[in-house]
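> The amino acid sequence is not available; the structure is as follows:
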């Protein structure tokens, strides 16, 4: 017998008792020989699009483990639809139950009666939202479900905003993922920390979590006994004219995401808890803080260094995880960590990108659909420079020229800086050599600053890990 | 039977095999019923002063525990001198063995044949130096032996400089105090720290240790399982025109002092170990660093905060000990410790003063005898202000006036500032109230800055603990 395949099924319907219909379908699946329902999303209420006037739908996605074939599973979905009294009367008309096979491992099926992956699933908010609930990390068409969801949300936010989380569905034998415990202050954190017997992996964040954060948390979970995420929009790293007040705060959604990753605890302190009245200590990391973001955002890295020092000293992790996307922040944190002998190890994880190449960032949600399309010039510019380096170009001036000319062709994309630096000292390089070299670029699209970076390696297409 | 009394005996001689004579006397004492030799100093070679031309003396001090009376002990010393062939021929002439009873618990004896404490002991470098070796904390005439030694050394440094550490003496059953293990770098410190099972008490110092440091280390030793002292003249807390280069460095003497206190380990890093090439992190504590020493020494407290943060993070003590003498440093360290959640507890110990009232400081050794005498205006001024507060004066302006007028009468004493502050925020107060208030004063005597402070309490003579 072959190993079970991970498959995903979309469930929907808008006639009768919608919860009962969906739960009956899940029960039908879970009693099918060779099929196990591993997890199910919440049901979302979704206003109908097109077709005759009709009630809103409920939609959900189930994750299955199955030893049956894609075709057998597809046939079984049809049977369950028929058992639910499905009648195909009008195109896009109301229905009791709709079951679609979204993906079946990494199998690709293209037959008249069955196409896998489902050809329209990645264009539908009412599929991607529950799918990202249940399996954000599942890879479909070269990107994770969560990146597909992020991309679609950026393009069509209204479709996501129209969704209403309607109900938690029951499946025999399947529990909903447990949310992390929320630690509201230093005392709660200290008590939690003291109770952990093994190693602690820690991911400091400002919330508004996306798949980049989820990837850090998953890695922490894989490498440590207990996983802690902090969610704190740190006022001291924002300048007076920056977006502190409007920075997205999405704690409930963040906790749901972290529940799915299996994070144990979230430290979500108040400003007063982290900076009690009278606090007056600031940490300055002179070297890598200079230039680039440091020059553009005076005081920013001092705020970052201060809060990271405080968080590491409160959390005392064995490993702390940071994303490469904020490369200068990584350099500052590494320097800080060495200079003060802060607890644990600093682990840096690669940038997570959307399917179109845009680096994930909480600030991407500021972009209009048009701005988002134009923002793609940033990864394109870095890619062009990387290709030039791979083709043998060593001169930084030439590489910056390559990237700059891509950006110059993008209307509404205003470069702040493009340069190639030593990733530790964050000092500019004149030429590529043996040591790692990172092209860093920042642009403004509308009112939103976007950062990205890419390894530059002469004569081959791969950079340092 | 009464509890044993702690007694001290000076041993000296300049004829024959001096080591053998002294060790024979120690053996004679240790076999005397009711007498135990608890410890013995090194022997010091000491050029004879006065009398006929004669060889140099060896001098040492032994600590006894005895159930005999002072008189019985004195008689026994005479017997041992006679057994050594002592002949009293010429006044101040050469002798095989000289044994003097220096102190006998806190007993005072004034009889024609015996005076205790010994009337001239506190005026002789060749007695105070070995005595401070063996029992720096023993209190004689209201001050510790080490403070007496410091006072005499300040007055007559040549007498101390003439002494040569000659030999370690052997006493049956008495081991020399063991020097602390010296940890030269972060790796050695980390290994030592990891091997400690219980609590660690930590005293950060810049070396040139005096009884103030010894008091901190003794307290650490009393309160913790293992005691660690750091000795590091921190360049980042000295200004460009300050005394970094000439700051006294006395590692060998420091280790001897710490051996007598029973300190387990000394972390004595190089500058490169604490600030490796590329280090660029500085910690700034804004609030209590402003004004006073912060104004007089730009960057000083940032240097202090940085090195204290680094040391606490490397040493990870359960308790860290600081002296109240550097009151603003205490305020900065406490703020820093709270703000960054640094390890352990901060413990602040009272200022240790010389018998004449001058606060002990490594920088006192910069003072000439004349400067030292004039420097006493500083504790006198604080004492006068304290008395005025105790008598009911609440107005800080009046208290500062009282202190200022004492300082104004001292020639060659130039006040930098005199003020009364909240000891935590180090903000000036206008009037004494319920909260603790500290008068801080700094003067310059010659080229030496001297700091001191005193609690101000309305209507009574005692301040906060």
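Arrived safely, thanks for sending. Treat the numbers as computed from the prediction; the structure is a model and nothing was measured. Residues are numbered from 1 along each chain as shown, chains lettered A, B, ... in the order given.

> Contact partners for the residue in the stretch 101-250 of chain A that chain B sits nearest to?
Of all residues in the stretch 101-250 of chain A, residue A:186 sits closest to chain B, at 7.3 Å by Cβ to the nearest Cβ. In this view, the C-beta of every residue, glycine as well, is placed from N, C-alpha and C. Taking Cβ atoms under 8 Å, 6 or more residues apart in numbering or on different chains, we find residue A:186 in contact with A:269, A:273-274, A:314, B:341.

> let's see 7 Å
For residue A:186, the residues meeting the contact criterion (Cβ atoms under 7 Å, 6 or more residues apart in numbering or on different chains) are A:269, A:273, A:314.

> what do you get for residue A:268?
When contacts are counted by Cβ under 7 Å, 6+ apart, residue A:268 touches A:182, A:184, A:231-232, A:251.

> if we go to 8 Å?
With contact taken as Cβ under 8 Å, 6+ apart, residue A:268 is in contact with A:182-184, A:207, A:230-232, A:251.

> Now the nearest residue in space to residue A:289 that is not next to it in sequence: phi and psi?
Computed as Cβ to Cβ, 6 or more residues apart in numbering or on different chains, the closest residue to residue A:289 that is not its neighbour in sequence is residue A:301, at 3.9 Å. Comment: the main-chain dihedrals of residue A:301 come out as phi -70, psi -30, following degrees, to the nearest 10.

> for residue A:110, same thing?
The main-chain torsion angles of residue A:110 are listed as degrees, to the nearest 10 and equal phi -140, psi 80.

> Helix or strand next in line after the helix or strand bottoming out on mean pLDDT in chain A, which one?
Sorted by mean pLDDT, DSSP states H and E, the helices and strands of chain A end with strand A:164-168, the least confident at a mean of 77. Note on strand A:164-168: by DSSP states H and E, the next helix or strand toward the C-terminus is strand A:181-183.

> buried sites along that next one?
Going by neighbour count (16 or more other Cβ atoms under 10 Å in any protein chain shown), the buried part of strand A:181-183 is residue A:183.

> how distant is it from the center of its chain?
Per Cα atoms, centre = their mean, to the nearest Å, the displacement of strand A:181-183 from the mean C-alpha position of its chain is 21 Å.

> most surrounded residue in the contacts of residue A:186?
Counting neighbours by other Cβ atoms under 10 Å in any protein chain shown, residue A:314 leads the contacts of residue A:186 with 22 neighbours.

> From what I see, it and residue A:191 are in contact.
No. With contact taken as Cβ atoms under 8 Å, residue A:314 and residue A:191 are classed as non-touching, separated by 11.8 Å.

> Isn't residue A:390 up against residue A:455?
No. Assessed by Cβ under 8 Å, residue A:390 is found out of contact with residue A:455, at 10.2 Å.

> mind listing what's buried in stretch A:186-206?
For stretch A:186-206, the buried set under the neighbour-count rule, 16+ other Cβ under 10 Å, comprises A:186, A:188-189, A:192-193, A:196, A:200-206.

> mind listing which of the residues you listed are in strands?
A:200-205 (DSSP state E).

> quick one on the thing from earlier: tell me which two of the buried residues of stretch A:186-206 sit farthest apart.
The most widely separated members of those, counting by Cβ to Cβ, are A:196 and A:206 (23.7 Å).

> What ranges does the stretch 251-400 of chain A have for its helices?
Across the stretch 251-400 of chain A, reading from the start of the chain, the helices by DSSP state H, counting those that start in this stretch fall at A:251-261, A:271-274, A:286-289, A:293-296, A:300-315, A:327-339, A:369-375, A:377-390, A:396-408.
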